[in-house]
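Peer 1: just coords:
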């Protein structure tokens, strides 16, 4: 199921929801995030760039997307994971998922990957997503949001995604 392939040259996904940039500034941090639509290597893509900084207990930037416009949940139980076509700067990034069970802002299900400097397909099975700061198993019938995240250490983030889908 296609979530977004950016061929519409818009931050509005095929699900009817809008990508947005979020940083640790929502909690007093000083990291800065930018999301842009661009073309890299002849592929239309979303590009997340920014300076991830640890001051003031910060340390993240992200491109976030609600999966259902109404705020309800998306049933992803017929799928085994998420597939990205991405490239970056050989740094480690994360994909965070939120469900109706993630009540606190710091709770999520997380999987990690390296974004190489070449375009690559990255498959992240749901079984690789680990609950962060709570113990509830992920209910795939209750997905609400995903976030492409640079987190946990000071570095210059630069990652592009040309396609994201449930697989």
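Peer 2: Here it is on my side, so go on. Worth saying up front: this structure is predicted, and the values here are computed from it rather than measured.
Peer 1: now the residue positioned nearest the centre of the chain: how far from residue 164?
Peer 2: Centroid-nearest residue in the chain, with C-alpha atoms, centre = their mean: residue 148, separated by 1.9 Å. Using C-beta to C-beta, to the nearest Å, we find residue 148 at a distance of 8 Å from residue 164. Where you see a C-beta, it was placed from the backbone N, CA and C, and this is true even at glycine.
Peer 1: re the thing from before, hang on, isn't the residue nearest to the centre of the chain packed against residue 97?
Peer 2: No: between residue 148 and residue 97 there is no contact, the gap being 11.0 Å when judged by C-beta atoms under 8 Å.
Peer 1: what residues are up against the spatially closest residue to residue 60 that is not a sequence neighbour?
Peer 2: Counting by C-beta to C-beta, 6 or more residues apart in numbering, residue 60 lies nearest to residue 151, which is 4.0 Å off, once chain neighbours are set aside. Taking C-beta atoms under 8 Å, 6 or more residues apart in numbering, we find residue 151 in contact with 52, 59-62, 94.
Peer 1: What about those, which one has the most neighbours?
Peer 2: residue 61 (28 neighbours; other C-beta atoms under 10 Å).
Peer 1: My read is that that residue contacts residue 25, right?
Peer 2: No: look at residue 61 against residue 25 with C-beta under 8 Å: they stay out of range, at 9.3 Å.
Peer 1: where do the contact lists of those two overlap?
Peer 2: 31-32.
Peer 1: Tell me the pLDDT of the nearest residue to residue 155 once chain neighbours are set aside.
Peer 2: Once flanking residues are discounted, residue 155 sits nearest to residue 52: 5.4 Å by C-beta to C-beta, 6+ apart. Per-residue pLDDT puts residue 52 at 97.
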